[in-house]
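[1] Next input, structure requested:
(2 chains)
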Amino acid sequence: MSTRDTDWEGVRLHVVTGKGGAGKTTAASALALALASGGKRVLLIEVEGRQGIAQVFDRPPLPYEERKIAVAPDSATQPGGDVYALVADPESALLEYLEMFYNLRHAGQALTRVGVMDFATTIAPGLRDVLLTGKAAEAVRRKKAGKLFYDAVVMDAPPTGRIGRFLNVTSEVSGLARVGPIRNHADTVQKVIHSPQTAVHFVTTLEEMPVQEVLDGIAELRGLPGGGIQVGGILINMVRPMELPARELRDVAAGGVDEHELAVGLKAAGLDGSVRLAGDLAAELTEHAVAAVGQQEQRHRLDEPGQPCYELPFITDGIDLGGLYRLSAALRDQGAA
Amino acid sequence: MSNVTPPPLDVDRLIDDRRTRVIVCCGSGGVGKTTTAAAIGLRAAERGRHVVVLTVDPARRLAQSMGLSRLDNTPRVVPIPKRPRGDKDRAPEATPAGSLHAMMLDMKRTFDEIVEAHADPDRAAQILANPFYQSLSSGFSGTQEYMAMEKLGQLRRADEWDLIVVDTPPSRSALDFLDAPQRLGRFLDGRLIRLLVVPAKVGGRAYLKVLNAGFGMVTGVLTKVLGAQVLKDVQTFVSALDTMFGGFRERADYTYRLLRAPGTAFLVIAAPEPDALREASYFVERLAQEGMPLAGLVLNRVHRSPAARLSAARAVAAAETLQAAGGPDGGPHALTIAALRLHAERMQLAAAERRVAEHFTTAHPHVPVAEVPAQPDDVHDLAGLGAVGDSFYTG
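    Have a look, this model is predicted:
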């Protein structure tokens, strides 16, 4: 057992959302790896059928089946752990459901052929969501030999714009069956999602629009009827190092750079053409400062909701497995897992 | 590695060509589609076109800068800022001014309008109040795409503008926007949805025979899963919508034809990142398959350095020399050290971006590419849009 404190002790369903392009799948994958270290078993669920997890872990497309896809590294004091992945699609979940409750697998397959499954999940968009969140809730509650099977479940969830509706299962199915197994199913899912076992994390970059979506998303979750859903951490993705202290950055952004000082420095370093080079580097530095000041502004806005923020470093060469491990280490160092 | 250079994409020529009537900006989410669409619209207006930009989900400040404060489905005039024409190399040529309008899509309103246009008032009211219609018109994945295309069709038919620039919905997958309208059209027009209504109609017997005993099972399962109320709502909705059937498919087909017609040009927008360019690749292939005219790729937020002659390695070495001489805090040359480190980082980033872009060009050597440099700050005013537009100048 781990003895270190993390910010999300007791949370077993980690829902990860964010604006498209902010790196939701990458962040969810890194979080799953981070949660797995210390000999844990973690399930990473994808619900939008884009095979993003397979791409992040550099695997061929994954089926509707829980499969081990990565091993968290062990450290000097702790053993590694296992990350499993599942690509959940509503149609397969519905088939599974029909089989479980009605023993209708064959009929279900026949219905799939005439398009009924697609139809059912289409005319009742809420049904899709219940089936998908239901899959996650089932994994959270699953037991084997009296013990919980997964230590944690991480869901790469729909983007922020849809997250409230996606998770607020009860109102989603209120138009659906008022009694019967789907209803019971929805109620169970609802219990898990509204419990302290579930937290919703937001992924963003330090740009205006993704940050705005985080703030709106948090407000939406907090405003949900029925006690709301626990808001988790804010995962700030693609954070680049600052080359100057914040104060100097502001000065440079506002007033530019002393090119003469730069030219002298460049000359001292033995670089030719130091005057022209100083001009070009000054332009570069000013641009960086303007961008960095803008990012700091966005960073301050993220403090407003009062949730813990975690920074994921920008990885220049694109995310590969090595990069993913670096991100997961960053999450652990900052106490997210 | 061999040098892979794509043909240049001449956006100015595209927007100056009066035969270009529709420009569709597509690409995966988060790559700056909306900004690019707005910048192209503004530039085209500056160059004399009468332009309307249809946006779907603009950033708040960008929307405000264009005078759009609400989703109201109405094109608003955007005043074209006067720009100093001193810098002849960059500024558009002085042509008789065009005009710029912009609008934000309200998908529910657009859907309601279709219903109102096709049904008598009583029936329309009945449809609009139907719970199933309400979830369909605001929740169904694909409705936004369908309505964006519907709006494009309407704007084209109105013929008040000589250029329409469309920003596609922020789907995770760029392809959604081509498929969703047809999916929705097919769904509303489909056999199954009619099948549900047939028990009430004699004409439906033929369908019943096709599935005969199976039909009972279908409704049986659907009732179990969805509940009887949902099926009833759908049935009411479908019978109320009866006169409009066929209409949906037809409208989807109309916009589909419009997208393939001469005068339409697709721009695929991507950031120089592996995911975005992978989506761009799929999209390029798909457009070719559908016979839709691709004008080229806009590579957005590209990092370049004005001091590219100084390599990353030399910059790092120089920084280390100064650091060694100046002590831990850099001594008198702290600023220079910061500038050199930053430069090295920028050069590495530029090289990484170039590698990803070359990947794309190796796979699609004939696709023209235009690069838009990364802007230091979020673009949130017309001057910023103008600056993005200026990067299309190829001289």
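[2] Please list all residues in contact with the residue most central in space within chain B.
    Centroid-nearest residue in chain B: B:Thr168, 2.5 Å away (criterion: CA atoms, centre = their mean). Applying CB atoms under 8 Å, 6 or more residues apart in numbering or on different chains to B:Thr168 gives the contacts B:24-27, B:33, B:56, B:145, B:148, B:174, B:177. All C-beta spots, glycine's among them, are computed from the backbone N, C-alpha and C.
[3] how does it look with 7 Å?
    B:Thr168 makes contacts with B:24-26, B:33, B:56, B:148, B:177, as judged by CB atoms under 7 Å, 6 or more residues apart in numbering or on different chains.
[4] One more: B:Gly263?
    Here B:Gly263 is in contact with B:19-22 (criterion: CB under 7 Å, 6+ apart).
[5] what is the rounded mean pLDDT of stretch A:280-296?
    For stretch A:280-296, mean pLDDT rounds to 93.
[6] And stretch A:161-175, by the same measure?
    Mean predicted confidence for stretch A:161-175 is 74.
[7] go on, stretch B:60-73?
    73.
[8] try stretch B:179-187
    Averaged over stretch B:179-187, pLDDT sits at 66.
[9] State the mean pLDDT of the one helix or strand A:Arg183 maps to.
    Following DSSP states H and E, one finds A:Arg183 within helix A:181-193. Average pLDDT, helix A:181-193: 83.
[10] buried ones in that helix?
    Neighbour counts over helix A:181-193 (16 or more other CB atoms under 10 Å in any protein chain shown) mark A:182-183, A:185-186, A:189-190, A:192-193 as buried.
[11] And for stretch B:267-284?
    Using 16+ other CB under 10 Å as the test for burial, stretch B:267-284 gives B:267-281, B:283-284.
[12] out of the residues you listed, which are inside strands?
    Residues of these located in strands (DSSP state E): B:267-270.
[13] Contact partners for whichever residue of chain A sits closest to chain B?
    As assessed by CB to the nearest CB, chain B sits closest to A:Gly21 within chain A, at 1.4 Å. A:Gly21 makes contacts with B:28-31, as judged by CB under 7 Å, 6+ apart.
[14] so which strand or helix has the spatially closest residue to A:Arg332 that is not a sequence neighbour?
    Spatially, and ignoring its direct neighbours in sequence, A:Arg332 is nearest to A:Ala34 (4.8 Å; CB to CB, 6 or more residues apart in numbering or on different chains). A:Ala34 is located in helix A:24-36, with elements delineated by DSSP H and E.
[15] what does the stretch 151-300 of chain A put close to chain B?
    A:175-178, A:180, A:182, A:207-209, A:212, A:243-244, A:257, A:261-262, A:265-266, A:268-271, A:277, A:280-281, A:283-285, A:287-288, A:290-291, A:294 (CB under 7 Å from any CB of the partner chain).
[16] which ones are touching B:Ala59?
    Counted by CB under 7 Å, 6+ apart, B:Ala59 has contacts A:208-209.
[17] can I see the domain layout of chain B?
    As recorded under automatic domain parsing, the domains making up chain B are B:11-178+B:252-306+B:353-390, B:190-245, B:312-352.
[18] per-stretch mean pLDDT over the ones you listed, give me the minimum one.
    Averaging pLDDT over each of those puts domain B:190-245 lowest, since it has a mean of 62.
[19] just to revisit the earlier point, run through the contacts of A:Gly21 and flag the ones next to chain A.
    Restricting those to those within reach of chain A (CB under 7 Å from any CB) leaves B:28-31.
[20] for the residues you listed, which one is nearest chain A?
    The closest of the ones next to chain A among the contacts of A:Gly21, once distances to chain A are taken by CB to the nearest CB, is B:Gly30, at 1.4 Å.
[21] ok, and A:Glu287, which helix or strand is that part of?
    helix A:274-301.
[22] which other helices and strands contact that helix?
    helix A:208-223, helix A:246-255, helix A:259-268, helix B:334-363 (3 or more CB pairs under 7 Å, 6 or more residues apart in numbering or on different chains; DSSP states H and E).
[23] Please point out which parts of the second one sit buried.
    Going back to what we said before, that points to helix A:246-255. For helix A:246-255, by 16+ other CB under 10 Å, it's A:248-249, A:252-253.
[24] same thing with the longest one?
    Within helix B:334-363, the residues that qualify as buried by neighbour count (16+ other CB under 10 Å) are B:334-350, B:352-354, B:356-358, B:360-361.
[25] Distance from the chain centre to it, please.
    Relative to its parent chain, helix B:334-363 has a centroid offset of 28 Å by CA atoms, centre = their mean, to the nearest Å.
[26] Now do that helix against helix A:259-268, angle only.
    80 degrees (axes from the mean of the first three to the mean of the last three CA atoms, to 10 degrees).
[27] quick one, strands of the stretch 151-300 of chain B?
    In the stretch 151-300 of chain B, the strands defined using DSSP state E, counting those that start in this stretch lie at B:163-167, B:264-270, B:294-302.
[28] Quick one: those strands as JSON lines, columns for distance to chain A too.
    Shown next, in JSON lines, are the strands of the stretch 151-300 of chain B (distance: least, CB to the nearest CB, whole Å):
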{"stretch": "strand B:163-167", "distance to chain A": "13"}
{"stretch": "strand B:264-270", "distance to chain A": "11"}
{"stretch": "strand B:294-302", "distance to chain A": "10"}
